[in-house]
Structure formats: C-alpha cells, structure tokens
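Undergrad: how would this look folded up:
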Amino acid sequence: MLTAGAAMRSAAALAALLLVVTVQAAQPRGPEAHDMTLTGFHDLQGRGAYQPVIHFQGGRWIAYIGHHGGSALNPQTGRREDNGTSQIDVTDPARPVLLHHIPGSGGAQMVRVCDGKTLPRAARDRTYLLRTRGHDAHEVWDVTLPGPPQRVSVVADGLHGTHKSWWECDTGIAYLVSGVPGWRTSRMTQVFDLADPRQPRFIRDYGLPGQEPGAGGGVPTGLHGPISTGPAGNRIYFGHGTSSGGILQIVDRDKLLKGAKAATRANLLYPQAGRYDLDPDYGAHTAFPVTGMAVAGTDGRKVKRDFVVVTNEALSDGCGGAQQKVWIIDVTEEAKPKLASTWALDPKQGDYCARPGRVGAHSSHENFTPIYYRRLMFIAHFNAGVRVLDIRDPYRPREVAHYVPESGGRTVTTNNVEVDDRGYIYIVDRHGLGLHVLELAGAARKIANLH
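TA: Predicted coordinates for the structure are as follows:
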C-alpha cells in the first residue's frame, strides 16, 4: 500500500507525464521531406479520410476520397453532412477543387470507380462509383460530371462489416469485403457481377476455411482486402488480418468464379493456389502483386520472378510491441511462397516513438501505373507520413524519399496513399489534416524516369 507521501509523488509524476504528452501533442511541426515536394492541398472540410482513388474522366482528373465516420459542415449546401465521399478535381494538382460531397451514414471509407465505356453492360457515357455505406452496405452511384451524383443501386446491405473492396472495370466483377450474417467473421468476400451497375448480380460468398457458417474450431483472421489481376493474370491476392494473424492468400480467379459455390471447406479450398502465414504478431492490410520482376539468379543472369508486397497496419500509439512493416514475399512457386525481405522504418531517426499517433505502417498504393510498377512502392506510415521504397532489388528494399505533412499542432496520421498515371502522389489523413498532393524530386524522381 502506498503511503500518503508516495501517493502524492506518484500523482505528481503522472500529472507531469500527462503535461508532457499534452504539450508534445500540441507542438506544431513543419513539413518534413526528402526528395518529395508538396504540389497542392485541400482540407477536405476537415473530414477524416481513408481511401483515395484517382480517376480520369471527361478530360479531367478526379480524386474520390472515402471518409471515416463523423460529420462536418459542407459550405456548398450550407448543411452539416455525415461524412461520405468527396469528389475533388485535381486536374490542376496545385489547386484541388471540391466538386461534390456525397453524404454517408457512419462514413463511406472505401471507394472504387469505373467508366461505363469500360464496363461490359453499362451506359457508355456514365461513370460509376462503388462505395461502402458505413459498415452495413455497399452501393453504386452515378458520378458522371458535371451533374450531381445519383445513387443507382444498393449492391448488398444488412451487413455487419465492410472494408477494402476491389472492382474489375473490364469485367465488372466486384469483390466486396463484407460481414455476412451467419458467417463466423466480420470480414469475408461477397462476389458480385456489376457489369451493369444498375442491376447487381450475386455470384458467391467466399472466405477462409473455418469462417463459413456451421464450421467448428478456431476462426481464421478476417479479410482486410483483395487485389485482382483480372482475367489476364487470373489471380486474386487476399490480405487477411490487421496487426496480427496475417495471411496472404493467392486465389485462382477462374476457379473462384466457376467453381462450386456452396460454402463448404472443400469448395473454399478449391480456388486457393497458395498461402503464406505471416508471423503471428503481424497482419496483412494490403497485398499488392509485383509480378514479372527481373532479378539476378544464382548464376548471375536475370530471371523473372513474382512477388507480393504485403503491408501491415499499426494499431497502437508509441513503439511497444511488434512494429508493423512491409514484407516482400516471393510467390513464383505459388504453392510454396517464401519471404524475400522485410522493411521497417527505424522510428528513432525521426523520434516517431515519442510523437503522438500510431507508429508503424498502414497501407501501400494500389495503382499499377508503369511509372512506378516494379520500381517504387509508396507506404502510408501514420505519424511518419508517406515513405517511398525502391524495390528494384526486392531482396534489399531501401527508402529513397519521404514526406511528413505539417502538423499544425495536431496529430499527423497519414492513413492511405495513391498515385495517378501522371506520377502525382496523394496522401490523406485519418484525423482531418486533409489531402496532400506530392511529387518526387531528386534521385527518387530519376528512379521513375520522370522528367
């Protein structure tokens, strides 16, 4: 039992610690950068942001930003609106302009966009947005400019979880991260045909064996998100887990779509071409395939090998526990994936452990643009901003550039990152620090052959 004096000293120490943390959290920091420059900025009306997708439509470049829950005043309407989706014109990246905000319900974190002229059975002059509605539904909106967005269909509702879906624009097949009642996990996959977004067609439910209704035993970690290479690549790369229990699952797309649909263990295993279980203390937020890389073989000659860049998600502030990082996994022999390398930011170099906010990786970009493919990976790294990795040697990835936004006395939480086919980089903040449009500079720019 503490004496009165010891208790007073303990309380005083705690008060001093809280004061230090408060002062530290409020300490303004200017932008920090190496070989990256700020081109443009938009405050997103102070809304917390998750997924950015950059789409070229009607001669303009449009950024679609999915938001976390909450609400903010929209000066365009004069009303306070639940956070949903922001439609930002970034044709001039130095001057982003808000076109519309589509209100959500409990947020609308995830966005994907396809043109009707690409989708097999859609109106050719329209552009469509697939998004989540809170954690209970997926829906499609017509976002053709210049008119206001209009909802055209509800793909699935009555769910108890949604997250990072994927939509193949050339086929219309969508892989929706959902929590379907009866399944033993809050995140698995619903496969839909959205070739005509106005008339969604359900194909099947899919998940890891042990997640299906009626299964027994332990439940494998839930899905975070898939990335499909479409009919040409015939593979879907599923990342399961967040900061623990991570699994990279490689699935044969053709078998998934054409195989038996009943949710039995045998049917769930049938499309699986390979699986890699990360160490238990790491998750698999994003699984980005980087295939056909020319690397030095054992005899010194170049050979083609396939890799997947898996990025974990940090959930905690500070540096306690395993630091979530980046894994490069060799999947050339799909049945026997093996680790090629890992990369983790040294938080001491910027004193990130002592800064407020999450410490560790979160996600990578997902655009296959040839400007960066097989060369550079962009990693959203929470309080350490965005980090740029040179992966030309996948066995020895190295950081070549970074950008940490100005804090303005708030906590920097760079949540997600995306790139466009012009080479611009877009980062958004989880807690309302807005959208930053960036460019590479110096040696990092030369790696991408940007002029």
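
Undergrad: tell me the contacts of Ile65?
TA: 44, 49, 51-52, 85-86, 88, 111, 428, 435 (CB atoms under 8 Å, 6 or more residues apart in numbering). The way it works is simple: take the backbone N, C-alpha and C, and place the C-beta from them, glycine included.

Undergrad: distance of Thr342 from Ile102?
TA: 39 Å (CB to CB, to the nearest Å).

Undergrad: of the two, who's got more company?
TA: In terms of neighbours (other CB atoms under 10 Å), Ile102 is the more surrounded of Thr342 and Ile102; the figures are 22 against 16.

Undergrad: what pairs with the more buried one across the strands?
TA: Judged by DSSP bridges, the bridge partners of Ile102 are Thr85.

Undergrad: circling back: buried among the contacts of Ile65? Need that as a selection in ChimeraX.
TA: In ChimeraX syntax, the buried subset of the contacts of Ile65 is picked out as below (16 or more other CB atoms under 10 Å):
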select :44,49,51,52,85,86,88,111,428,435
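
Undergrad: please enumerate the helices of the stretch 1-150 of the chain.
TA: 4-25 (DSSP state H, counting those that start in this stretch).

Undergrad: coming back round to it: out of the contacts of Ile65, who's nearest Ile236?
TA: Using CB to CB, Gln51 comes nearest to Ile236 of the contacts of Ile65, at 18.4 Å.

Undergrad: the residue nearest to that closest one when sequence neighbours are not counted - how many residues pack around it?
TA: Nearest residue to Gln51 in three dimensions, chain neighbours excluded: Gly66, at 4.2 Å (CB to CB, 6 or more residues apart in numbering). Gly66: 27 surrounding residues under other CB under 10 Å.

Undergrad: just checking, Gly66 touches Arg47?
TA: No: here Gly66 does not reach Arg47: they are 10.0 Å apart, not a contact under CB atoms under 8 Å.

Undergrad: that older thread, ok, the residue nearest to Gln51 to Ser228 distance?
TA: Taking CB to CB, one finds Gly66 at 19 Å from Ser228.

Undergrad: just Lys164 next, same as before
TA: Applying CB to CB to Lys164 and Ser228 gives a distance of 12 Å.

Undergrad: out of the two, which sits in the more crowded spot?
TA: Neighbour count, other CB under 10 Å: between Lys164 and Ser228, Lys164 has more, with 26 against 22.

Undergrad: show residues contacting stretch 225-234.
TA: 163-166, 168, 170-171, 173, 175, 177, 189, 235-239, 252-254, 285-289, 291, 366.

Undergrad: need the pLDDT of the nearest residue to Tyr373 once chain neighbours are set aside.
TA: In space, and not counting its chain neighbours, Tyr373 is closest to Val290: 7.0 Å by CB to CB, 6+ apart. Each residue has a pLDDT score; the one for Val290 is 98.

Undergrad: in this protein, which residue is closest to the centre?
TA: What sits nearest the mean C-alpha location of the chain, by CA atoms, centre = their mean, is Ser363, with 4.9 Å.

Undergrad: just the element for that residue, please.
TA: strand 359-364 (DSSP states H and E).

Undergrad: just the CA coordinates of that strand, formatted as PDB?
TA: Below are the C-alpha coordinates for strand 359-364, written out as PDB (Å, rounded to 0.1, in the frame of the first residue of the first chain):
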ATOM      1  CA  VAL A 359       3.700   4.300 -35.100                       C
ATOM      2  CA  GLY A 360       4.200   1.900 -38.000                       C
ATOM      3  CA  ALA A 361       3.000   1.100 -41.500                       C
ATOM      4  CA  HIS A 362      -0.600   1.100 -42.700                       C
ATOM      5  CA  SER A 363      -1.000   0.600 -46.400                       C
ATOM      6  CA  SER A 364       0.600   0.900 -49.900                       C
END
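
Undergrad: now that strand: average pLDDT?
TA: Mean predicted lDDT for strand 359-364 stands at 97.

Undergrad: buried residues, it. List them.
TA: 359-364.

Undergrad: what packs against it?
TA: strand 286-296, strand 302-311, strand 376-382, strand 414-419 (3 or more CB pairs under 8 Å, 6 or more residues apart in numbering; DSSP states H and E).

Undergrad: try it again with 6 Å
TA: strand 286-296, strand 302-311, strand 376-382 (3 or more CB pairs under 6 Å, 6 or more residues apart in numbering; DSSP states H and E).

Undergrad: tell me which residues are up against the first one.
TA: With CB atoms under 6 Å, 6 or more residues apart in numbering as the contact definition, strand 286-296 has outside contacts at 237, 239, 248, 302, 304-311, 363-364, 374.

Undergrad: mind checking which of these are buried?
TA: By 16+ other CB under 10 Å, these give 237, 239, 248, 305-311, 363-364, 374 as buried.

Undergrad: for the residues you listed, work out which two are farthest apart.
TA: Arg305 and Ser363, at 23.9 Å, using CB to CB across the buried ones among the contacts of strand 286-296.

Undergrad: show me the contacts of stretch 225-234 that map onto strands.
TA: Mapping the contacts of stretch 225-234 onto strands (DSSP state E) picks out 166, 173, 175, 177, 189, 235-239, 252, 286-289, 291.

Undergrad: just flag the most distant two among those.
TA: Checking the ones in strands among the contacts of stretch 225-234 with CB to CB, the most distant pair is Val177 and Thr291, at 22.9 Å.

Undergrad: same drill for these two, tell me which one is more crowded.
TA: A count of neighbours by other CB under 10 Å puts Val177 above the other of Val177 and Thr291, at 25 against 16.

Undergrad: tell me how far that one lies from Lys164.
TA: Distance from Val177 to Lys164, by CB to CB: 6 Å.

Undergrad: also Arg430?
TA: 15 Å.

Undergrad: now swap in Arg355 and tell me
TA: 27 Å.

Undergrad: didn't Pro347 look like it was pressed against Cys353?
TA: Yes: using CB atoms under 6 Å, Pro347 is in contact with Cys353, at 4.8 Å.

Undergrad: beta partners for Tyr426?
TA: Glu418, Val437.

Undergrad: can you give me the pLDDT of the nearest residue to Glu406 once chain neighbours are set aside?
TA: Leaving aside its sequence neighbours, Glu406 sits nearest to Pro31 (CB to CB, 6+ apart; 4.6 Å). On pLDDT, Pro31 comes in at 94.

Undergrad: and stretch 297-304, which residues are buried?
TA: So stretch 297-304, judged by 16+ other CB under 10 Å, has zero buried residues.

Undergrad: would you mind measuring the gap between the ends of that stretch?
TA: Separation of the first and last residues of stretch 297-304 by CA to CA, to the nearest Å is 9 Å.

Undergrad: what's in contact with that stretch?
TA: For stretch 297-304, contacts defined as CB under 6 Å, 6+ apart pick out 292, 294.

Undergrad: same check, this time on stretch 147-156
TA: 100, 102, 138-143, 190, 192, 197-198, 200.

Undergrad: likewise stretch 168-176?
TA: Under CB under 6 Å, 6+ apart, the answer for stretch 168-176 is 114, 118-120, 138, 165-167, 189-195, 226, 228, 230.

Undergrad: thanks again, I'm all set now.
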